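Enquirer: Quick check, what structure comes out for this input:
(chains A, B and C)
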Amino acid sequence: MSPLAIETRKLGRIYKIRGNKKEKNVRKELAALSDVGIQIEQGELFGLLGPNGAGKTTLIKILTTLLAPSTGEAFVAGYNVLNEPQHVRPRINMVSGGESSGYGLLTVRENLWMFSQFYGMPSREANQRIVDLLKLVGLGDRINTKSSDLSTGLRQKMNIVRGFMTDPEVLFLDEPTLGLDVGASRDVRHLIRGWLDDDKKRTLLLTTHYMVEAEELCDRVAIINQGRVLACDSPSVLKRRLQEDILFEIKTSPLNGLSAQAIEDLPEVHTASLTEMEDGALLKLALVEESALGPVINALTDKNITIMSLNKHEHSLEDVFVQLVGHSIAEAEKGSQDE
Amino acid sequence: MSSDVTQPQVDSIYKPLPKVTGWRLFLKTVIARAYPRLIGQQREKSWMFFDIFLPMLAVSAYVFVYRAIQAPEDYVGFAVMGGAMTAFWLNVLWSMSSQLYWEKEQGNLALYIIAPNQMMAILLGMALGGMLATALRAVAIIFLGTILFNVTFVVSSFLQLLVVFMLSMTALYGMGMMMASLFLLLSREAWHLSNLAQEPIYLVSGFYFPIKSFPFWIAAGASIIPLTLGLDAMRQLIFASGPALGFVSVKLEVSVLLVLCVVFLVGAKLLLDYMEKLAIREGRLTESRR
Amino acid sequence: MLNLHKSEFWRSFRVATWLGWQIESNWADPLLFVIYSIVKPLASASILVVMYGIITNSNFQNPLFPYIYLGNAFYIYVGAVMGGVSWAVIDDREHYKTLKYMYVAPIKIPVYLLGRGVARFLTGSISVFITILAGVVFLKVPIVLQQINWPLFFLSLLIGIVMLAMMGLLLGSITLLLVHHSFGIAEGVAGALYLFSGAIFPLEVLPAWLRPVGFAMPITYWLELLRRSLVGNVAQAFPTLAGFSNLDLFGILVVLSVAFGILAIYAFRWCDYRARERGLIDRVTNY
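Expert: Modelled structure (predicted):
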């Protein structure tokens, strides 16, 4: 049986924080990861989802041999990342969003060529691969541009090509679409999918805090917050785990005295909430059965209330996240900034 | 190679390529990391002004001090020669020792570490590229100085001169590689330490005068910097009054340089391995402390 | 409107001075800081002392020695002030990557750069003082406190520092258009001007065709004034500027300083324009 592409066992990492001048002797510790156990099969596109500071990047650093774990063990392609980095490194590559790589005075091709040599690739073939990949991500006309003259987005594309160029078995992408526009993000997602579909033995670990990206791309996701994995499964299973209620949103004309309580009293209606709006009201319903919608609409029409729109609300990964973490990803980030 | 490699085909784009390992990977890495030093550096034309013209003027200042105090003409040659060699020392300080720190700040260091090459090859590439690029500057300064100040050379042995120069460079850049790994754990301090090691080394290594002028033990202590003995030996080999003003015999200087080469290169390898492990444990490979 | 400008000026200067001091003083413990301010300048001075000693059989009584020694000591200010101002461009652009934020903040960049030089001026002053003290104590540099022309000394020093700051701004402006070189551009320029400013040898040692450069440099007159104010008789032993009275020298220094100041302001405007046109404000140029 082929080994797991990535496996962590009770993985933890503690950072010692040096105090400032006044608190020189005060040693603070921060647990960036605690007790993380994940298993990623070959061929999987696995997503790590969490707000800033959740521990995603720390996990990637450990898996890419850049950081030693404080507790537990981690394996990539079957090798221990701490004790056998020489076996792990030829099999991996990493791209971090928002970071440049190489030297500004070299051209895009020269920078990529340089990195290809660090992996022992034959120059001629590497150069051809560079040209092909750059064309694929829409950088074909900038091959001979100095990388310092590229925009942030184009530099990020170059960085992504660097990751795919060296045929890694396991590729780590840390926020790969950070700072990319919609079109460029789509190019990158296309590249990711194409690369994975080309060979089922390839594995990709992606961190992101774009829910939609994770939902669209990943076979499985782990939701991680404050260093702990809160849930780990496919997006559809995670969504199914949410409460079974069926959610509707109805926009109506003014309510003519109808109360939320009156609707909640109807059979099979779990909860109902009403929000007054400028030109009417918004009614949010959680129904036990979809058939309960009929009596609600009757109750509205009885009061001469016009229905302006009706939407069935599908659960998103964001909802899963909110349920697990207690707040949305945006709120979590706002909170961590305020600290 | 096969035609599917030379002709771009979208479906072959992800096909794994054969890769070399071992010494061939080492060599490829050295060349690749030397490349930006050699090519990138020349790409900004202002280097000629800053790395040749300005240092030439600074060297001239020392030459005119000797003229002002009516020193023998060979001292002018000593100053030109020493001034040219400062380029190597500056290159080792600023582009070797503190380089890994810069690479860390830029995010390249992490990419170097996760690649299957050896960090030693990266450092060697940096050294080789820096050395060749600097040699161009040093030769230009010596050439200009010779013409401007009518320096007279009496070369006793070109072969010995070449050996001394190569040994000095090997030991010097070996030292730079060792310092680079030491500086890996430093942040802003690296910059200041390099700055601090500038003038004091110009002084004790005798860049502008023969180190014979120092008490024996000071000169002997300064010999830990490879350029001290290298410069002294080269002066003995190319100036008429060189041998008379030499610190110890060229033979002895060559032997010590040989020892320094081994010590610094082995030291660099050991220290680099140790520092890499330490940095991985303490999480210092990717942090940025601006 | 005038008040707004005034407050913007002072805010830029004050913040930059504070920042410069934090950067200069925060990097290590005070002991290392002191070693840094002492060892580096004393090593520089010692190179000249040894060169002089070897050739003259340690004849430190010759007036040429205090000429060289003091010229070199005060020359520390050239590297410190000019470097402090111009290095801020590289430091902020490539190291802290904050130059772009400074640009969008409501501060005046030239004033900000000048402010960044203040800290280096202060640490430079320590180095100058220690170098001169070492010269007086160990090498008998003939400075007698009672004979010093204090008003001339302080006035010259003040004008000189302003002049160096303006030269630093000139250099900083050019730096906006340049890549990050392996070592300090300011140090390189300071090293080169060493040749032309009569710092360590009288100008007549230079070939005749190079002397006009020296005479065009305000640093030449500044160093001469400082030497005259500290050791009047020594300075008079050399013919170069003997024909000029103190007042003459002072006048020339002021005129040249103003000229360099105006040049610096125009250079900044031009380089700033070019840098923004070419998109160089936030680039990183390590290789």
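Enquirer: Phi first, then psi, for A:L205.
Expert: phi -110, psi 130 (degrees, to the nearest 10).
Enquirer: Beta-bridge partners for the nearest residue to A:S70 once chain neighbours are set aside, please?
Expert: Of all residues not flanking A:S70 in the chain, A:I14 sits nearest, at 4.5 Å (C-beta to C-beta, 6 or more residues apart in numbering or on different chains). For the C-beta atoms, the positions are set from N, CA and C on the backbone; glycine is no exception. Beta-bridge partners of A:I14, counted by DSSP bridges, are A:A31.
Enquirer: Please verify my assumption that A:I14 contacts A:T58.
Expert: No: between A:I14 and A:T58 there is no contact, the gap being 10.2 Å when judged by C-beta atoms under 8 Å.
Enquirer: Overlap in contacts, the two.
Expert: Taking C-beta atoms under 8 Å, 6 or more residues apart in numbering or on different chains as the criterion, A:I14 and A:T58 both touch A:A32.
Enquirer: More neighbours: which of those two?
Expert: Using other C-beta atoms under 10 Å in any protein chain shown as the criterion, A:I14 and A:T58 rank with A:T58 on top: 24 against 16.
Enquirer: tally of neighbours for residue 83?
Expert: Went with chain A since none was named. Neighbour count of A:N83, defined by other C-beta under 10 Å: 10.
Enquirer: Correction: the question concerned chain C.
Expert: Here the count is done by other C-beta under 10 Å, and C:G83 has 24 residues near it.
Enquirer: Now do the same contact list for it.
Expert: Here C:G83 is in contact with C:120, C:168, C:184, C:186-187, C:190 (criterion: C-beta under 8 Å, 6+ apart).
Enquirer: what pLDDT does the residue nearest to A:S70 get?
Expert: A:I14 carries a pLDDT value of 91.
Enquirer: related to what we said a few turns ago, and chain A, which of the contacts of C:G83 contact it?
Expert: Among the contacts of C:G83, no residue lies close to chain A (C-beta under 8 Å from any C-beta of the partner chain).
Enquirer: quick one: which of these is nearest to chain A?
Expert: C:G184 (19.1 Å; C-beta to the nearest C-beta).
Enquirer: circling back: give me the subset of the contacts of C:G83 that lies in helices.
Expert: Using DSSP state H, C:120, C:168, C:186-187, C:190 are the members of those that sit in helices.
Enquirer: Compare those residues and tell me which is most surrounded.
Expert: C:G168 (31 neighbours).
Enquirer: so it makes contact with C:L113?
Expert: Yes: counting by C-beta under 8 Å, C:L113 is a contact partner of C:G168 at 7.5 Å.
Enquirer: anything in contact with each of the two?
Expert: Both C:G168 and C:L113 are in contact with C:85-86, where contact means C-beta under 8 Å, 6+ apart.
Enquirer: mind listing what residue 102 touches?
Expert: Looking at chain A here, since you left the chain open. Residues in contact with A:G102 (C-beta under 8 Å, 6+ apart) are A:111-112, A:114-115, A:147, A:158, A:162, B:108.
Enquirer: could you do chain C instead?
Expert: So C:M102 contacts C:92, C:109, C:112 (C-beta under 8 Å, 6+ apart).
Enquirer: Can you tell me the centre-most residue of the chain?
Expert: No chain specified, so I'll use chain A. Nearest residue to the geometric centre of chain A (C-alpha atoms, centre = their mean): A:T208, 2.7 Å.
Enquirer: try chain C instead
Expert: Chain C, centroid-nearest residue using C-alpha atoms, centre = their mean: C:V78 at 1.8 Å.
Enquirer: Can you give me the pLDDT of the nearest residue to that one once chain neighbours are set aside?
Expert: Counting by C-beta to C-beta, 6+ apart, C:A190 is the residue found nearest to C:V78 once chain neighbours are left out, at 4.8 Å. Confidence at C:A190, expressed as pLDDT, is 85.
Enquirer: do C:F215 as well
Expert: 92.
Enquirer: what residues are up against residue 174?
Expert: This is for chain A. Neighbouring residues of A:D174 by C-beta under 8 Å, 6+ apart: A:56-57, A:60, A:94-97, A:207.
Enquirer: Hmm, no, I was thinking of chain B.
Expert: B:127, B:226, B:260-261, B:263-265, B:267-268.
Enquirer: at 10 Å what do you get?
Expert: Residues near B:G174 by C-beta atoms under 10 Å, 6 or more residues apart in numbering or on different chains: B:92, B:123-124, B:127, B:226, B:260-269.
Enquirer: cool, A:T271 as well?
Expert: Contacts for A:T271 were tallied using C-beta under 10 Å, 6+ apart; they are A:245, A:247, A:260, A:263-264, A:284-287.
Enquirer: Using TSV, lay out the residues you listed together with distance to B:Q118 and secondary structure.
Expert: Converted to TSV, the contacts of A:T271 look like this (distance: C-beta to C-beta, whole Å; DSSP: H, G, I helix; E, B strand; the rest coil):
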residue	distance to B:Q118	secondary structure
A:D245	59	coil
A:L247	57	strand
A:A260	69	helix
A:I263	71	helix
A:E264	70	helix
A:K284	61	strand
A:L285	64	strand
A:A286	61	strand
A:L287	64	strand
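Enquirer: By neighbours, which of those wins?
Expert: Going by other C-beta under 10 Å, A:L285 tops the contacts of A:T271 with 25 neighbours.
Enquirer: Okay, and the beta partners of that one?
Expert: Judged by DSSP bridges, the bridge partners of A:L285 are A:F248, A:A272.
Enquirer: need the strands for the stretch 151-300 of chain A, in chain order.
Expert: Using DSSP state E, counting those that start in this stretch, the strands of the stretch 151-300 of chain A run over A:170-174, A:203-208, A:220-225, A:228-233, A:246-252, A:269-277, A:280-287.
Enquirer: among those strands, which is nearest B:N117?
Expert: Proximity to B:N117 (C-beta to C-beta) singles out strand A:170-174 among those, at 18.1 Å.
Enquirer: on that earlier part again, which residues touch the residue nearest to the centre of chain C?
Expert: Counting by C-beta under 10 Å, 6+ apart, C:V78 touches C:124, C:160, C:163-164, C:167-168, C:186-187, C:189-191, C:193-194, C:197, C:199, C:219, C:222-223.
Enquirer: Pull up the gap between it and B:N108, please.
Expert: 35 Å (C-beta to C-beta, to the nearest Å).
Enquirer: what does C:Y221 give?
Expert: For C:Y221 relative to B:N108 (C-beta to C-beta), the value is 48 Å.
Enquirer: before we move on, what about C:M167?
Expert: C:M167 is 35 Å from B:N108, by C-beta to C-beta.
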